[in-house]
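S.K.: pasting the sequence and the predicted coordinates here, then a few questions.
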Amino acid sequence: MKNVVLKENERIDDLKLKGLKIIQNTDGFCFGMDAVLLSSFCEIRKNATIVDLGTGTGIIPLLIWGKNQVKKIYGIEIQEEVAQMAKRTVEMNNLEDSIQIINMDLNNAPEKLGINIFDTVISNPPYMLQGGGIINPEDKKAISRHEITCTLEDVIRTGSRLLKHNGSFFMVHRPHRIVDIFCLLREYKLEPKKIRFVHPKVEDKPNLVLIKSVKASKPELKFEKPLYVYNDDGTYTEEIYKIYGMEKR
C-alpha cells in the first residue's frame, strides 16, 4: 500500500476486502450501496476483460478485482477531478497493472478501447432524467445522479459496442425506468437474462433493480428472489451482511 497525500475533504476508507482502500471526497460523491450490490450481482469469468462505464471513485473495479480473477478492468469517468481521485486510489493499492482509470466521455470508449472485444461491461449510471428542476452542471453529485453528461441510451449503446458476442452487461437502476431499460437493451442487441429487485424492507416496494443482459443471446428472462436490505427492526438482513463481508452484530 502506497502512501498518498489527501486533498481537502478527502478521506481513505477501508473496504475490508484483501486490504483494499479507497479515496473518497466527502464534499463530492461517495459510493453507495447500489455499487456494492451491483458488484456482488455480477458474474465474472476467470481472466475476463471488463469496462466499468461511469466508474466514479473506482469502487466497482476495486470490488470486482477483489472478488474475482480478472485480466484487466477499465474504469471510464468523464469528470476529471473524480477520475484523478480514482487513479490515485488505484496507485495507492498498487493495482496499475490490473485497473486503468480513463478520463473521457464514455461515448468515445469503443473507439479508444476497441469494439466487440470485451467479456463484461458494468454500469451504475445516473438514475434521473434531466429536466426535473434546476441543476448545476458543475455539481459532481448532480452529474453522478442526473443524465447531464450521458443518457441511459448512451450507456446501453456504448456497452453493446464494447461487448463481444455472448458478452455480459450488468447494470443497476431504478425500477421506474425499467420499460425504458428493456426497450433500449433489445434495440442494441442486449437480451435481458436475469433481473433482481432490491427492497428496503419486505413490505416496501423495490427502489433498485439489478439486470444482467447478454449480447446477441436468445430470449429467456429469469427472476431472482427479491433482495431485502433491512429487517423490520432496522438491522441489516443476513444477505446484506454476507454481501458486505461483515459479521452479524
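M.R.: Received the coordinates, thanks.
S.K.: only C-alpha atoms for contact and neighbour calcs from this point on.
M.R.: OK.
S.K.: got phi/psi on the residue positioned nearest the centre of the chain?
M.R.: The centroid of the chain falls nearest to Asn124 when counting by CA atoms, centre = their mean (3.6 Å). Backbone torsions of Asn124, given as degrees, to the nearest 10, read phi -120, psi 80.
S.K.: for it, what are its contacts?
M.R.: When contacts are counted by CA atoms under 8 Å, 6 or more residues apart in numbering, Asn124 touches 34-35, 38, 53-55, 171-173.
S.K.: filter the residues you listed down to the ones in helices?
M.R.: Counting by DSSP state H, those place 34-35, 38 in helices.
S.K.: in ChimeraX, how would I select just the buried ones from those?
M.R.: Selection of the buried residues among the ones in helices among the contacts of Asn124 in ChimeraX, burial being defined by 16 or more other CA atoms under 10 Å:
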select :34,35,38
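S.K.: quick revisit: Asn231 versus the residue nearest to the centre of the chain, what's the distance?
M.R.: Applying CA to CA, to the nearest Å, the value for Asn124 to Asn231 is 25 Å.
S.K.: that older thread, of all the contacts of Asn124, which comes closest to Gly114?
M.R.: Set against Gly114, the nearest of these by CA to CA is Leu53 (14.1 Å).
S.K.: touching, that closest one and Ile78? I think so.
M.R.: No. Between Leu53 and Ile78 there is no contact under CA atoms under 8 Å: 9.5 Å.
S.K.: quick check: neighbours shared by those two?
M.R.: With CA under 8 Å, 6+ apart as the test, Leu53 and Ile78 both reach Leu106.
S.K.: thinking again about what came up before, let's have the contacts of Asn124 in JSON lines, adding distance to Pro61 and pLDDT.
M.R.: Formatted as JSON lines, the contacts of Asn124 follow (distance: CA to CA, whole Å; pLDDT from 0 to 100):
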{"residue": "Asp34", "distance to Pro61": "14", "pLDDT": "95"}
{"residue": "Ala35", "distance to Pro61": "10", "pLDDT": "96"}
{"residue": "Leu38", "distance to Pro61": "11", "pLDDT": "98"}
{"residue": "Leu53", "distance to Pro61": "10", "pLDDT": "98"}
{"residue": "Gly54", "distance to Pro61": "11", "pLDDT": "96"}
{"residue": "Thr55", "distance to Pro61": "8", "pLDDT": "96"}
{"residue": "Met171", "distance to Pro61": "14", "pLDDT": "98"}
{"residue": "Val172", "distance to Pro61": "15", "pLDDT": "98"}
{"residue": "His173", "distance to Pro61": "18", "pLDDT": "97"}
